[in-house]
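Enquirer: Sequence and predicted structure are below.
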Amino acid sequence: MDPMNMIVAKNIKRLREENKLSMEELSKLSGVSKSMLAQIEREEGNPTLSTLWKISNGMKVPFDALTVRPERAYEIVRTSEVQPLLEDSGKVKNYSIFPDDENRRFAVYYLELDEDSYWESDPHLKGTTEFITVFEGRIAIYVEGQTFSVEKGESIRFQAGNPHSYRNTGTEKAVLHMILYNP
């Protein structure tokens, strides 16, 4: 399986060229420096989730358009072989299990949040719904001025078109699955 930074690099370059955007234009649209974009496209960088959200929002494509792997007739995904996207100094690991291929309209992620970790997500595309199930630990989700505590065996659904964040509020690693539905 290709490393995630290689997949992301190829997808960003392909999408940028399909949209006839120069590096400078994408930099202005996304707020990500031209040098950082060039570094990512050369597979020399390991961009954070926040950086990738800025790029996807700047190009007005689902986040998963940046992480989608080539389609096959079947696929077994081993989380141990997926390079996670990191936040909070590596304490939040986001594994893109089944990215949105722009035809499926949903994506599946596996996340691990170490104790005391925090991640603030940029808004997703308007109309995106996020579905989360917690399998281990406890997290607090902040969305639209409200805080929701979700623990092992519980699930939550919310509109993800606004900034939202996740905090591990337990005393152990939190493990969760996330599905993003893009209408």
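Expert: Here it is on my side, so go on.

Enquirer: what about E43, is that helix, strand or coil?
Expert: At E43 the chain is in coil, as set by DSSP: H, G, I helix; E, B strand; the rest coil.

Enquirer: Burial check on it, number of neighbours?
Expert: Residues near E43, counting by other CB atoms under 10 Å, number 15. Every C-beta, even on glycine, is put in place using the N, C-alpha and C of the backbone.

Enquirer: what's the answer for K54, then?
Expert: Each residue near K54 was counted by other CB under 10 Å, and the total is 18.

Enquirer: Skip the chain neighbours and tell me the closest residue to it.
Expert: Nearest residue to K54, sequence neighbours excluded (CB to CB, 6 or more residues apart in numbering): S30, at 4.6 Å.

Enquirer: Report pLDDT for that neighbour.
Expert: Reported pLDDT at S30 in the predicted model: 94.

Enquirer: what's near enough to touch it?
Expert: L37, K54, I55, N57, G58, M59 (CB atoms under 8 Å, 6 or more residues apart in numbering).

Enquirer: for those residues, which one is nearest V8?
Expert: I55 (9.0 Å; CB to CB).

Enquirer: Now name the helix or strand holding that closest one.
Expert: Using DSSP states H and E, I55 sits in helix 49-59.

Enquirer: from the chain's centre, how far out does that helix sit?
Expert: In terms of CA atoms, centre = their mean, to the nearest Å, the centre of helix 49-59 is set 9 Å apart from its chain centre.

Enquirer: Same check on stretch 47-54?
Expert: Using CA atoms, centre = their mean, the mean C-alpha position of stretch 47-54 is found 8 Å from that of the whole chain.

Enquirer: What average pLDDT does that stretch get?
Expert: Stretch 47-54 shows a mean pLDDT of 89.

Enquirer: what does that stretch contact?
Expert: With contacts defined as CB under 8 Å, 6+ apart, stretch 47-54 is touched by 5, 8, 30-32, 36, 40, 55, 63, 66-67, 85-87, 92, 94, 119-122, 124.

Enquirer: got it, and stretch 123-135?
Expert: For stretch 123-135, contacts defined as CB under 8 Å, 6+ apart pick out 53, 57, 60, 62-63, 141, 150-164, 174-183.

Enquirer: Quick check: buried residues in that stretch?
Expert: By 16 or more other CB atoms under 10 Å, the buried positions in stretch 123-135 come out as H124, L125, T128, T129, E130, F131, I132, T133, V134.
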